[in-house]
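K.L.:
no sequence on hand, only this structure:
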C-alpha cells in the first residue's frame with residue numbers, strides 16, 4: 001500500500017472513531033459484562049469480590065486502528081457500600097490514553113429483590129500523542145511538535161436500579177470538560193459531556209435456557225446517538241451464545257463459557273458495516289471474569305449480569 005493510501009485510511013480511522021464514539025472513548029461489545037467501566041454505581045452489586053479483564057483489537061489489518069485493554073476489581077464493603085477500581089489502556093493511531101479511576105457506590109434497598117445504587121467516580125487519564133508513530137512523512141504543522149502530553153482529571157457519577165432479573169442505569173463518566181489535543185482539527189478542543197444509558201432483563205425460556213436482551217445508549221452533545229443492542233442466550237447456566245448490533249457500525253457474534261462457579265470466559269467478533277469493512281477483517285474481543293464467591297452463593301446459578 002502506497003503512502004497516499006495509508007494516509008487516507010489512517011485519517012479515516014481517526015475521523016471515524018472520533019465522530020462515532022466521541023473523543024476517543026473506549027468501546028466494548030461485552031459492555032453488559034463490563035459494567036463498572038460504564039457506570040460507577042455498579043461497584044459491589046454482584047455481592048462478592050469480582051475481577052474483570054478485557055482485551056479488544058478493533059479493525060484488524062488497518063494501520064492505526066484502536067486497541068483497548070481494561071481491568072476492573074470491585075466488591076461490597078460492609079452492608080450498603082461498594083468499592084471498585086478500573087484501569088483502561090486505549091491506543092488509537094499516534095495516541096495513547098491511560099485511565100485510572102476509583103469507584104464508590106451506596107445502595108438503598110427498595111424491596112426484597114430491588115435495590116437502587118448511587119455511584120461516584122474519581123481519577124484521571126494521561127493522554128499521550130506521539131506523531132512519530134504515524135504514517136505521515138510530510139512536513140506539516142501538526143507534526144512540528146511531535147509529542148503532546150496531558151493529564152485530564154475525571155469526576156463522574158451514576159445511578160443503577162437493579163434486581164434479580166433486570167437492571168437499568170444512567171451515568172456521566174466525566175463532568176469535567178478538560179481541554180485535549182485534537183489530531184483531526186490540529187487544535188486544542190474541549191471534551192464534551194457524555195451520557196450512558198444501560199439496561200437489560202433476564203427471561204426464563206425453559207428450566208435450562210435463559211434469554212437476556214440488553215442495550216447501551218451513548219449520548220454526546222453535537223454528535224450522533226450511538227445505540228448498542230444485544231441478545232444473549234444462556235444454556236444450562238454454562239454456555240452463552242448471542243448476537244449484537246451497533247447502530248450504523250457493526251454486527252457481532254458473542255460466545256461465553258462459565259468454567260465452574262468462579263470463572264467466565266467470553267469472546268466476541270464484530271463485522272464492520274461501514275465503508276471501513278473494505279479495509280479490515282473485523283474486531284476481536286476477549287473477556288475474563290473471576291469471582292470469589294462464598295460457598296453459599298456458589299450453590300446458586302450464576303447471575304446473567
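P.N.:
Thanks, I have it. What you see is a predicted model, and the numbers here were worked out from it, not measured in a lab.
K.L.:
all contacts plus neighbour counts: C-alpha atoms, from now on.
P.N.:
Will do.
K.L.:
which parts of the stretch 1-150 of the chain are strands?
P.N.:
Ranges of strands in the stretch 1-150 of the chain, per DSSP state E, counting those that start in this stretch, are 49-57, 67-77, 81-92, 95-111, 114-130, 147-163.
K.L.:
quick check: which of these is nearest to residue 285?
P.N.:
With Cα to Cα as the criterion, residue 285 lies closest to strand 49-57 of these, at 4.3 Å.
K.L.:
quick check: neighbours of the closest one in the sheet, parallel or antiparallel?
P.N.:
Sheet pairing for strand 49-57, assigned by DSSP bridges, gives strand 67-77 (antiparallel), strand 283-292 (antiparallel).
K.L.:
can you put those in a markdown table and add mean neighbour count and distance to residue 162?
P.N.:
Shown next, in a markdown table, are the strands paired with strand 49-57 (neighbours: other Cα atoms under 10 Å; distance: least, Cα to Cα, whole Å):
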| stretch | mean neighbour count | distance to residue 162 |
| --- | --- | --- |
| strand 67-77 | 22 | 15 |
| strand 283-292 | 20 | 19 |
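K.L.:
so which of these is nearest residue 39?
P.N.:
The stretch from the strands paired with strand 49-57 with the least distance to residue 39 (Cα to Cα) is strand 67-77; that distance is 12.1 Å.
K.L.:
got the angle between the closest one and strand 95-111?
P.N.:
Interaxial angle, strand 67-77 versus strand 95-111 (axes from the mean of the first three to the mean of the last three Cα atoms, to 10 degrees): 30 degrees.
K.L.:
one step back: export the strands of the stretch 1-150 of the chain to a markdown table and tack on mean pLDDT?
P.N.:
Listed next are the strands of the stretch 1-150 of the chain as a markdown table, based on pLDDT from 0 to 100:
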| stretch | mean pLDDT |
| --- | --- |
| strand 49-57 | 97 |
| strand 67-77 | 96 |
| strand 81-92 | 95 |
| strand 95-111 | 95 |
| strand 114-130 | 93 |
| strand 147-163 | 91 |
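K.L.:
nothing else from me, thank you.
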